[in-house]
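S.K.: Sequence and predicted structure are below.
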Amino acid sequence: MDAELFLAYAPALASGLGVTALCWVMGSTGALLLGLTVACSVQWGGVMTRRLLTSLMETIRGIPLLIQLFLLYYGLPELGLVLEPLEAGVLGFALYGSPYYAEVFRAGFQSVPRGHIEAGRCIALSEATILRRIILPHMLVAITAPLTNITIILIKETAVLSVITVPELLYETQSMASETFHYAEPFLILALCYWGLVEFTAWLGRCLEKRMTRHMVRPGATTRA
């Protein structure tokens, strides 16, 4: 392994890693918020709202991420809307991940025992208090692991963004390999970078799950008004 080679390309690789992290954080956050909004709308919305959102989420989930990126980056300009590569990448990630997060939230809402909700209503708790004190604590314990898994999948999917010229980690690694004709070392470093991001996310997920579990088993944690 040529140390001088990596020192020469270290700024470009670091920039690519930063862009990868930025796309992942912004895209995952957008997908999380969209998924939560959809899940709440499906859970408490009307029949037409549920049908419309369910159909929309099924459509998005049935289209591969790469095709969605092509539609956003190459298709929207024909309609008069031009997006920069980074903008198209983040928007594509938010749309692509939202159905998966929505399904996790929907399952989380349904995992809360109905008896706990009815008990909260019997003691005259408001719907907002029931959501905050009863539904959310139960739900978060059940969905932390699935949310972590989806977030990890989105980390690895950031490599697709290089196709629409987003200067993320894979894009910079490919540029380095094509200019130096070294392939094994750059892609090994690339694999280690993704592995590190995945392990860090998995560690955060385990810490959050342990914390939520401790909160749930604390006496009176979900019953205080």
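M.R.: Received the coordinates, thanks. Numbering: from 1, shown residues only.
S.K.: Is Gly27 in contact with Leu95, as I believe?
M.R.: No: under the contact definition of CB atoms under 8 Å, Gly27 does not touch Leu95, with a separation of 9.0 Å. From N, CA and C alone the C-beta is placed, and that goes for glycine too.
S.K.: The two: which has the busier surroundings?
M.R.: Higher neighbour count among Gly27 and Leu95: Gly27, with 24 against 21, using other CB atoms under 10 Å.
S.K.: check contacts around the more buried one.
M.R.: Neighbouring residues of Gly27 by CB atoms under 8 Å, 6 or more residues apart in numbering: 89-90, 92-94, 96-97, 154, 158.
S.K.: switch the cut-off to 6 Å
M.R.: 90, 93-94 (CB atoms under 6 Å, 6 or more residues apart in numbering).
S.K.: Would you mind measuring from it to Leu34?
M.R.: Gly27 sits 10 Å away from Leu34, going by CB to CB, to the nearest Å.
S.K.: what's the answer for Thr213, then?
M.R.: Thr213 sits 27 Å away from Leu34, going by CB to CB.
S.K.: quick one: which of those two has more around it?
M.R.: Neighbour comparison, Thr213 and Leu34: the larger count goes to Leu34, with 19 against 13 (by other CB under 10 Å).
S.K.: what helix or strand is the nearest residue to Val141 once chain neighbours are set aside on?
M.R.: Distances taken as CB to CB, 6 or more residues apart in numbering place Met212 nearest to Val141, at 4.8 Å, with adjacent residues excluded. Under the criterion of DSSP states H and E, Met212 resides in helix 184-217.
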